[in-house]
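Peer 1: Sequence isn't available, so here's the structure alone:
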């Protein structure tokens, strides 16, 4: 049976013209997939106020700067969304950051972080998280008709009085782009000769250093880590890679390693899974929503930090990718959100 198109308005401070996320990653990818079967608009920000089209998507940009410690840009996005909301059947703040001015009820919001779930070390990050909760998140919890959390530990952190309108919906991944069949041999690296680590969010630097130190003959390729680890001769640092180059690196890696202090959702974990890669990761809340003993190796199951028998650690790459196709493809995630859109519309 053909599904009726919906008019959906998305709000996000991450978009293709302004985000540190790549074109094929990040939660805003939900918008592109929604636009394949729905009439879609997105409110975001740019250096100047303007409106333009990206394929089937109507993009409405408010004026904003790159830094937004006191949330003025995010609040401006929410105000524009509030002014447009009546024209749409569903409104979805992709991040709770952009829901401040939305009218109470009638919208969906997704939570990605919460105090007590994320554990930041820098004072600036801690202050930002405190202000974010006090100014934006408490308001979103109170006013949203439907709340989605990208991990079960986030869901558990939602106050009891809002649990009835909250649920876990996983983060998605673009399985069309992150496909091992499209990977080429990585430039400058021998396929199967290195261990790959991508991203810094939540990274357990001390534990990663233990693995690097314990495997001096194994090259570790680390992507996107601004503050480097102690000097190790077997580390290669890479920055500002194209999505295609990163896909090739996933394809050629012996393993993906992701030791973590905390987790909710993780783009690099999902990308590696879509590429059929075995992931060596910490068994912690948030990450276990995405990884199992069948698709990954948990660090607590190893006798030590040696990766000498790396081949014996690998899981079935076909099964890994099939799990992602079944559970985390954007079409599956969009289907779950569509249920919330209808609930939020009825609530409003």
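Peer 2: Arrived safely, thanks for sending. Computed from a predicted model, the values in this text were never measured in an experiment. Residues are numbered from 1 along each chain as shown.
Peer 1: Surely residue 8 is within a strand?
Peer 2: Yes. With DSSP: H, G, I helix; E, B strand; the rest coil as the criterion, residue 8 is assigned to a strand.
Peer 1: I'd say it and residue 37 touch.
Peer 2: No. Look at residue 8 against residue 37 with C-beta atoms under 8 Å: they stay out of range, at 10.1 Å. In short, each C-beta sits where N, CA and C put it, glycine included.
Peer 1: Between these two, tell me which one has more neighbours.
Peer 2: Between residue 8 and residue 37, counting by other C-beta atoms under 10 Å, residue 8 is the more crowded of the two (24 against 16).
Peer 1: so what's residue 153 closest to, chain neighbours aside?
Peer 2: Nearest in space to residue 153, with sequence neighbours left out and distances taken as C-beta to C-beta, 6 or more residues apart in numbering, is residue 285 at 3.9 Å.
Peer 1: What is the burial count for the one you found?
Peer 2: Residue 285, neighbours per other C-beta under 10 Å, totals 15.
Peer 1: Please look at it and residue 152 and confirm they touch.
Peer 2: Yes. Residue 285 is within contact range of residue 152, at 7.0 Å (criterion: C-beta under 8 Å).
Peer 1: residues contacting the residue nearest to residue 153?
Peer 2: 151, 152, 153, 263 (C-beta atoms under 8 Å, 6 or more residues apart in numbering).
Peer 1: so which of those residues is the most crowded?
Peer 2: For the contacts of residue 285, the largest number of neighbours (other C-beta under 10 Å) sits with residue 151, at 28 neighbours.
Peer 1: confidence score at that residue?
Peer 2: Note on residue 151: pLDDT of 98.
Peer 1: what's the answer for residue 325, then?
Peer 2: 97.
Peer 1: For it, which non-adjacent residue is closest in space?
Peer 2: residue 175 (5.7 Å).
Peer 1: Over to residue 171?
Peer 2: Excluding the flanking residues, the one nearest residue 171 by C-beta to C-beta, 6+ apart is residue 265, at 3.5 Å.
Peer 1: Now that neighbour: which helix or strand?
Peer 2: Per DSSP states H and E, residue 265 falls between elements, in no helix or strand.
Peer 1: begin at 847 from here
Peer 2: Fine by me, first position is 847 from now on; the one you just mentioned is residue 1111.
Peer 1: Hmm, it is touching residue 1132, no?
Peer 2: Yes. Proximity of residue 1111 to residue 1132 meets the contact threshold set by C-beta under 8 Å, at 7.4 Å.
Peer 1: okay, those two: which has more neighbours?
Peer 2: Counted by other C-beta under 10 Å, residue 1111 and residue 1132 do not tie: residue 1111 has more neighbours, with 24 against 21.
Peer 1: Can you give me every residue that contacts that one?
Peer 2: If you count contacts by C-beta under 8 Å, 6+ apart, residue 1111 has them with 958, 996, 997, 1016, 1017, 1132, 1135, 1136.
Peer 1: And the longest helix anywhere in the chain, what's buried?
Peer 2: Criterion DSSP state H: the longest helix present in the chain is helix 1176-1193. Buried residues in helix 1176-1193, counted by 16 or more other C-beta atoms under 10 Å: 1176, 1178, 1179, 1180, 1183, 1184, 1186, 1187, 1189, 1190, 1191.
Peer 1: tell me the average confidence for that helix?
Peer 2: Regarding helix 1176-1193, the rounded mean pLDDT is 88.
Peer 1: tell me which strands and helices it is in contact with?
Peer 2: Secondary-structure packing of helix 1176-1193 (3 or more C-beta pairs under 8 Å, 6 or more residues apart in numbering; DSSP states H and E): helix 875-880, strand 936-939, strand 954-957, strand 992-995.
Peer 1: Residues that sit against both of residue 1111 and residue 1132, list them.
Peer 2: Shared contacts of residue 1111 and residue 1132, defined by C-beta under 8 Å, 6+ apart, are found at residue 997.
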